[in-house]
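Engineer: sequence-free structure coming up:
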């Protein structure tokens, strides 16, 4: 694998920064941690919201489909939380092992998977809420629109920005 592809977060004008590979890894790790802080907060709030639903009076009124969607959402929210915390856990395990570059690369990959899972959690939450409040057909449409919007914003837009450089 060429150096630029392996160096997650490398700028296309790499020579503009006067940093060693170790400094670049440190910077990339710090940037990844900042991103994880934002994502962890969002996924923790959403997971907390989902975990409180069974204690609401109307929860008993959910039909089989809604209960299945709810349980899938809880599982995906827990998985997403785990994925966003995994890079920090890996850092603890690899601390002082001189593996920062590997840690940044693996952390980036795990975070990307976490973002994808989070897109499904948000989409599923839209599906569940609109299904309960309005109707199933409207819920499916709204969830589809939400998924397209999130994939567009979180995956397609960054690729378009990369191509434009």
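Structural biologist: Alright, I've got the coordinates. Remember, it's a predicted structure, so these values are computed and weren't measured experimentally. Numbering: from 1, shown residues only.
Engineer: low-confidence ranges, this protein, go.
Structural biologist: 1-15, 95 (pLDDT under 70).
Engineer: what are the ranges of the helices in it?
Structural biologist: Using DSSP state H, the helices found in the chain span residues 3-6, 21-52, 64-94, 100-133, 136-151, 157-164.
Engineer: next, name the residue at the spatial heart of this structure.
Structural biologist: The residue lying closest to the centre of the chain (CA atoms, centre = their mean) is residue 115, at 2.0 Å.
Engineer: quick one: that residue and residue 154 touch, right?
Structural biologist: Yes: if you go by CB atoms under 8 Å, residue 115 and residue 154 touch, sitting 5.7 Å apart. From N, CA and C alone the C-beta is placed, and that goes for glycine too.
Engineer: what count of nearby residues applies to residue 98?
Structural biologist: 8 (other CB atoms under 10 Å).
Engineer: still on that earlier bit, can I get the helices of the chain in JSON lines with distance to residue 58?
Structural biologist: Converted to JSON lines, these look like this (distance: least, CB to CB, whole Å):
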{"stretch": "helix 3-6", "distance to residue 58": "50"}
{"stretch": "helix 21-52", "distance to residue 58": "12"}
{"stretch": "helix 64-94", "distance to residue 58": "10"}
{"stretch": "helix 100-133", "distance to residue 58": "7"}
{"stretch": "helix 136-151", "distance to residue 58": "16"}
{"stretch": "helix 157-164", "distance to residue 58": "37"}
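Engineer: no more questions from me, cheers.
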